[in-house]
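Enquirer: Build the 3D model from these lines:
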Amino acid sequence: MKSALTRALTVFVTAAAVTLAGVGVATAGGPGGSGSSSTTSAAAEVQGLRDQLASRADNGDVPGTQATLARLDPLLSDLAQGKRYSIQAAAKDSAATAQKDNAEARKGVDELAAKMAERQALPPVSALLNALLQRVLISLSALVNDLLGGLPVPVG
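Expert: Predicted coordinates for the structure are as follows:
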């Protein structure tokens, strides 16, 4: 439990550092990308939903987690298919991976929600949510990094 929480916190801190370091200088130049405002907007939206997802999972908020995962679906679809945002190919690939991980997490969270009444001897909901969402949180952090052009994460 502690290692999963530590990993999730590390991913969160890394994503936040990448976002804060790159918001002012992000560009989507190169093949398949154009303009910084589209990229920065997409990164900010993904980061906001990712932070909301992590917070709700830490609080054991199953309905809130379901709602956030549902809000991620159309955004990740737009990013993966290049419908609404002009982003680089690597970011589209990251979005496709995050979309797949999001779908798997949604299934797991939906199953958890259905079994809430019979979960007397199971670990706390927050631990189960963190375990279910770990891959999607990592994918979303990678997507933010790709959207911001792979800026280096400041150390120390």
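Enquirer: what's the closest non-adjacent residue to L140?
Expert: Spatial nearest neighbour of L140, excluding adjacent residues (CB to CB, 6 or more residues apart in numbering): R50 at 4.0 Å. Placement of C-beta: from N, CA and C, glycine included.
Enquirer: do the same with A142
Expert: S94 (5.0 Å).
Enquirer: Figure out the helix or strand that that neighbour lives in.
Expert: helix 89-114 (DSSP states H and E).
Enquirer: Equivalent analysis for P63, please.
Expert: helix 62-81.
Enquirer: The residue nearest to A142 and S139 touch, don't they?
Expert: Yes: look at S94 against S139 with CB atoms under 8 Å: they come within range, at 6.9 Å.
Enquirer: burial count for M116?
Expert: Number of residues near M116 (other CB atoms under 10 Å) recorded here: 11.
Enquirer: gap between it and D93?
Expert: To D93, M116 is 35 Å away according to CB to CB, to the nearest Å.
Enquirer: What of E104?
Expert: 17 Å.
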